[in-house]
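*Asks:* sequence and predicted structure, then a few things I'm wondering about:
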Amino acid sequence: MEVKMINNCPVKIWTDYVEKSAMRQIENLTTLPFLFHHLAIMPDVHTGMGMPIGGVLACKDAVIPNAVGVDIGCGMCAVKTNWKVADIPTDVLRKQIMRGIRKRIPLGMDHHKEAQDEKYLPTGHDIDKMEIVKRRQEYITKEVGTLGGGNHFIELQKDETGTLWIMIHSGSRNLGKFVGDYYNEKAKKLNERWYSVVSPDIRLSFLPLRTDEFNAYWQEMKYCVDFALCNRKLMMKRIEEVIKDAIPEIGFEPMINIAHNYAAWERHYGQDVIVHRKGATLAREGVIGIIPGSQGTASYIVEGLGNPESFCSCSHGAGRTLSRTAAIRDLNLKEEVERLDALGIIHAIRNQNDMQEASGAYKDIETVIANEADLVKVKTRLLPVAVIKG
């Protein structure tokens, strides 16, 4: 970990390299008048909207919608089975399990054609007081239990003993984007009206504590976090059903879940502050987390060490090195297909557009994990068996 002083603010960085555009965003964060104590930058850092992905920002009495992002509650879940991958015939894996998953779970822009049972949605929220969530209720009954696009994925994996695992990366679908965009616009207008010292050019408009807008965003953000969890739970349920149909004797352990796009009240350095994790994972002492690699590389089940210098956080994945446009332009389709085929990984890469999620577009996951040895300890290393991308 390296400490830089930027605008008289300590910035603690767990990587040797930060791209220029992400460093500019870090510099912008250090100008915030309500920033608390220091900034923490994870080893998977790369440029985001306003705040870099892989950043952890603690604030006094303010929340920043763009420091949470638009896929609110996006995160990981994983389930360990009691079955060996070697005991699953290839035909069963390809034709029954992988095809079955694709039939049960809409991918990319697709949604369910029929509304899902409302029992799969979050409970304990006063929806009537939520402008966006209330407006989107009809839509989310068809979005729950769907993967989404981009870097969201379903993977079947194996651990060091050859045991089958299931891993999902997904978030709050369109709901999080509607909530994030709506409250970012509200923050921009309020900051203009109050002549905020935070420049609109840096895209970090904020909502102050004890305002109606803060309270409204906070409640809708929490709903999105719960909805994203419900989304992952329903997908995992359906995947387990597909696998159980193919392998009736199989058993499943309880699901591990961890989010990486949200804000939360936490106590650090003796004060209660609002911690924004944008592409960063809670790594409080003893907390079990998930750090996925890129397509065709290892993923990790980890245990937090509770390092206060990172605000008890760690990376959320490998982190991009190439934009989607650059990856499609520069990466070699034939080489990527040959690499995955040589590893025996079942995949669906078919054209150059699929290169946006190729491993060459991401940092080396082994380096990322090594850079955060003081933040987490590795419990399980998982290797991909079959991959479904959104």
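*Replies:* Thanks, I have the structure now. Numbering: from 1, shown residues only.

*Asks:* endpoint to endpoint, stretch 239-259 covers what distance?
*Replies:* Stretch 239-259 has an end-to-end distance of 20 Å (CA to CA, to the nearest Å).

*Asks:* can you tell me what sits against it?
*Replies:* The contact list for stretch 239-259 (CB atoms under 8 Å, 6 or more residues apart in numbering) reads 73-83, 88, 92, 96-97, 100-101, 104-105, 154, 164, 166, 168, 225, 228-229, 232-233, 236, 277, 281-282, 287-290, 301. For the C-beta atoms, the positions are set from N, CA and C on the backbone; glycine is no exception.

*Asks:* which of those fall within helices?
*Replies:* Within the contacts of stretch 239-259, residues falling in helices by DSSP state H are 100, 101, 104, 225, 228, 229, 232, 233, 236.

*Asks:* quick one: buried ones out of these?
*Replies:* Neighbour-count burial (16 or more other CB atoms under 10 Å) is assigned, among the ones in helices among the contacts of stretch 239-259, to 100, 101, 104, 225, 228, 229, 232, 233, 236.

*Asks:* which residue is the nearest non-sequential neighbour of the fourth one?
*Replies:* Just to be clear, that refers to residue 225. Excluding its sequence neighbours, the residue lying closest to residue 225 (CB to CB, 6 or more residues apart in numbering) is residue 73, at 3.7 Å.

*Asks:* of all the buried ones among the ones in helices among the contacts of stretch 239-259, which two lie farthest apart?
*Replies:* Greatest spacing in these, by CB to CB: 100 and 225 (29.1 Å).

*Asks:* now the strands for the stretch 151-300 of the chain?
*Replies:* 153-158, 163-170, 207-208, 256-259, 261-268, 271-278, 280-282, 288-291, 299-304 (DSSP state E, counting those that start in this stretch).

*Asks:* what's the most buried one of those?
*Replies:* Among those, the stretch with the highest mean neighbour count (mean count of other CB atoms under 10 Å) is strand 280-282, at a mean of 25.

*Asks:* contacting residues around the worst-scoring helix or strand of the chain on mean pLDDT?
*Replies:* In the chain, no helix or strand scores lower on mean pLDDT, DSSP states H and E than helix 333-342, which sits at a mean of 83. Helix 333-342 is contacted from outside by 295, 296, 347, 349, 351, 352, 354, 355, 358, 359, 360, using CB under 8 Å, 6+ apart.

*Asks:* ok, residue 308 - contacts?
*Replies:* Taking CB under 8 Å, 6+ apart as the criterion, residue 308 is in contact with 268, 269.

*Asks:* give me the neighbour count for residue 298.
*Replies:* 18 (other CB atoms under 10 Å).

*Asks:* whoops, I mixed them up, residue 388
*Replies:* Using other CB under 10 Å, residue 388 has 20 neighbouring residues.

*Asks:* what about it, which helix or strand?
*Replies:* strand 376-389 (DSSP states H and E).

*Asks:* what does the pLDDT read for the residue lying closest to residue 210 once chain neighbours are set aside?
*Replies:* Nearest residue to residue 210, sequence neighbours excluded (CB to CB, 6+ apart): residue 61, at 7.7 Å. Residue 61 carries a pLDDT value of 94.

*Asks:* where does this structure dip in pLDDT?
*Replies:* Within the chain, no range satisfies pLDDT under 70.

*Asks:* sorry, back to before: nearest to residue 138, of the ones in helices among the contacts of stretch 239-259?
*Replies:* Closest to residue 138 out of the ones in helices among the contacts of stretch 239-259 is residue 228 (18.5 Å), distances taken as CB to CB.

*Asks:* look up how far residue 176 lies from the residue nearest to the closest one when sequence neighbours are not counted.
*Replies:* Spatial nearest neighbour of residue 228, excluding adjacent residues (CB to CB, 6+ apart): residue 73 at 3.0 Å. For residue 73, the distance to residue 176 (CB to CB, to the nearest Å) stands at 6 Å.

*Asks:* spit out the residues that contact these two alike.
*Replies:* Joint contacts of residue 73 and residue 176 (CB under 8 Å, 6+ apart) are 224, 227, 228, 261.

*Asks:* number of nearby residues for residue 306?
*Replies:* For residue 306, using other CB under 10 Å, the count is 14.

*Asks:* right, and residue 385 touches residue 345 too?
*Replies:* Yes. Residue 385 lies in contact with residue 345 (CB atoms under 8 Å); the separation is 6.7 Å.

*Asks:* circling back to that earlier point, only the buried subset of the contacts of helix 333-342, as a PyMOL command please.
*Replies:* In PyMOL, a selection of the buried entries from those looks like this (16+ other CB under 10 Å):
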select buried, resi 295+296+347+349+354+355+358+359+360
